[in-house]
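> got a predicted structure here, sequence first:
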Amino acid sequence: QVQLVESGGGLVQAGGSLRLSCAASGRTFSSYAMGWFRQAPGKEREFVAGLSWSGGSTNYADSVKGRFTISRDNAKNTVYLQMNRLKPEDTAVYYCAAKGTTGWRVVYTARYEYDYWGQGTQVTVSS
């Protein structure tokens with residue numbers, strides 16, 4: 001079992017930056033691939049960024065490529081999402097997710113692939 005707690009959300013003006021954190025507890029964090037998803041009001045939860053357990057492979061949604069960066073610190077059991085040049089359309093609840101895996105370079109992008117989810121943190125970007 002893995003427990004995930006997101007933090008770092010808030011209100012920011014368009015063009016600004018935020019860094020989300022996801023602290024994990026429970027089983028060995030370093031053996032989990034991690035992902036960030038988001039859900040805007042009235043929309044489906046969508047993939048934002050994913051990271052292999054090794055940290056060597058990443059994947060991003062086209063809408064955030066070049067603006068967002070996912071990273072992890074296994075010593076701190078934490079995964080981060082650095083969000084730069086934020087846009088109003090980035091407004092959503094952001095969720096952290098974990099997937100147990102033996103594939104050290106595998107990145108997961110589908111919701112159903114993830115085993116554990118955090119409670120979410122709100123990000124609001126004003127125009």
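Noted; the coordinates are in hand.

> backbone dihedrals for residue 51, please?
phi -140, psi 130 (degrees, to the nearest 10).

> quick one: low-confidence ranges for the chain?
Residues of the chain that meet the criterion pLDDT under 70 lie in 27.

> which residues of it fall in strands?
With DSSP state E as the criterion, the chain has strands at 2-7, 10-13, 18-26, 32-39, 46-51, 58-60, 68-73, 78-83, 92-100, 116-117, 121-126.

> just give me the residue closest to the centre of the protein.
Nearest residue to the geometric centre of the chain (Cα atoms, centre = their mean): residue 36, 2.2 Å.

> any idea how far it is from residue 127?
Distance of residue 36 to residue 127, given as Cβ to Cβ, to the nearest Å: 23 Å. The C-beta positions use only the backbone N, C-alpha and C, and glycine is treated the same way.

> what's the answer for residue 33, then?
Taken as Cβ to Cβ, the span from residue 33 to residue 127 is 34 Å.
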